[in-house]
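*Asks:* 3D, please:
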Amino acid sequence: MTRLDDLIQEALRDEDRDILEATDEQGWFALGLSQFRGKLGWVTWVIMTAQVAMFVAGLWCAVRFWGATDPVLALKWGLSGAVLILMATMLKMSLMPQMQADRVLREVKRLELMIARHRG
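*Replies:* Below you'll find the model as predicted:
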């Protein structure tokens, strides 16, 4: 926490502190695991299943690449493995913008809740 965060917490009343604790920022792993729940959780499951399949196939191609004695076969397995592993990485990275959007939405909801409490 920064000094500014400490000053904000000191200025808040007890009920506002409860809001902050209830909507506290999630850690990296908690935020990542929260992608598997909710209305769009099934999309994350599909992406991660495809990502795991591509990664395993890429590793299998890599093993075949290292065992190949013919240059043409080595090229075939090496390119296939590299492309599959890169595609798996791209699929996994496609979830990062959603995680960032969830962080922003969580902060907006925190502000909305605080404003509603002050009005009511």
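*Asks:* use CA for all of it now, contacts and neighbours both
*Replies:* Noted.
*Asks:* and the longest helix for this protein?
*Replies:* helix 41-67 (DSSP state H).
*Asks:* in it, what counts as buried?
*Replies:* 44, 47-48, 50-52, 54-59, 61-62, 64-65 (16 or more other C-alpha atoms under 10 Å).
*Asks:* repeat that for stretch 64-80.
*Replies:* Buried, per 16+ other C-alpha under 10 Å, within stretch 64-80: R64, F65, A68, A74, W77, G78, L79, S80.
*Asks:* which residues touch the first one?
*Replies:* Contacts of R64 were listed using C-alpha atoms under 8 Å, 6 or more residues apart in numbering, and they are A74, W77.
*Asks:* so how far is W77 from it?
*Replies:* Here R64 is placed at a distance of 6 Å from W77 (C-alpha to C-alpha, to the nearest Å).
*Asks:* then A101?
*Replies:* 38 Å.
*Asks:* any chance you could map the helices in this protein?
*Replies:* 3-11, 14-22, 28-33, 41-67, 71-93, 96-119.
*Asks:* residues contacting the residue nearest to the spatial centre of the chain?
*Replies:* Central residue of the chain (C-alpha atoms, centre = their mean): G32, 4.1 Å from the mean position. With contact taken as C-alpha under 8 Å, 6+ apart, G32 is in contact with M99.
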